[in-house]
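# this one's structure only:
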């Protein structure tokens, strides 16, 4: 592996993005790669400005996703592999990333809604069902399922995300 890669890990809330991203980062470090791990929740805190502050509308999410893409681009140009865990499920982002990000590897975690509702680590789905919040991707914001990801990881009862890490690293665009 001589060039840098951007591993865009996407899926709905509770799908395992953060878990997979950490596993991927750790394996890349073992392979002596310079790696930066970015998480959408943390990036939101950094990039949230008064235009989108605490706004989870499709438009504000899209605006943030473009910022994430451009940050990944800059970090990659500086000689880093980038692993990013983000919902950012928009056709516009997939197209922009594929056109503008060299070494872009898109990984989609495909987890059924009933499993996500059961996991619900941030109580998003519970709060949505109780009408406490709106603008939840997969509920009242329809996600754009990626049209041609490099890798799709479909949920099964016995899924072990560690088994996918090598496949992701070996899959180059």
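Ah, there it is. What you see is a predicted model, and the numbers here were worked out from it, not measured in a lab. Numbering: from 1, shown residues only.
# Please make it C-alpha for all contacts and neighbour counts, starting now.
Fine.
# Can you list the low-confidence ranges for this protein?
Within the chain, the ranges that satisfy pLDDT under 70 run 1-2, 49-54, 172-173.
# What segments of it are helices?
17-30, 40-47, 58-77, 91-100, 113-119, 124-129, 165-170 (DSSP state H).
# now for the ones you listed, which one comes closest to residue 147?
helix 91-100 (8.0 Å; Cα to Cα).
# what about residue 127, neighbour count?
Other residues near residue 127 come to 14 when the count uses other Cα atoms under 10 Å.
# now swap in the one 5 residues further on and tell me
Burial of residue 132 is recorded as 10 neighbouring residues (other Cα under 10 Å).
# Tell me how far it lies from residue 96.
For residue 132, the distance to residue 96 equals 34 Å [Cα to Cα, to the nearest Å].
# Same question for residue 129.
33 Å.
# Dig out what the nearest residue to residue 98 once chain neighbours are set aside forms beta bridges with.
Nearest non-adjacent residue to residue 98, counting by Cα to Cα, 6 or more residues apart in numbering: residue 104, 6.5 Å away. Residues in a beta bridge with residue 104, per DSSP bridges, are residue 6.
# wait, isn't residue 104 in contact with residue 7?
Yes - counting by Cα atoms under 8 Å, residue 7 is a contact partner of residue 104 at 6.2 Å.
# returning to what we had before: quickly note the distance from the residue nearest to residue 98 to residue 6.
On the measure of Cα to Cα, residue 104 and residue 6 end up 5 Å apart.
# And for residue 114?
30 Å.
# Name the residue in these two with the higher neighbour count.
Taking other Cα under 10 Å, residue 114 and residue 6 do not tie; residue 6 has more neighbours (24 against 9).
# pretty sure the more buried one is touching residue 98, no?
No - counting by Cα under 8 Å, residue 98 is not a contact partner of residue 6; they are 10.6 Å apart.
# Overlap in contacts, these two.
residue 104 (Cα atoms under 8 Å, 6 or more residues apart in numbering).
# gap between the residue nearest to residue 98 and residue 132?
37 Å.
# so how far is stretch 87-101 off the chain centroid?
11 Å (Cα atoms, centre = their mean, to the nearest Å).
# Which of the residues in it are classified as buried?
87-90, 93-94, 97, 101 (16 or more other Cα atoms under 10 Å).
# Next: stretch 22-30.
For stretch 22-30, by 16+ other Cα under 10 Å, it's 22, 24-28.
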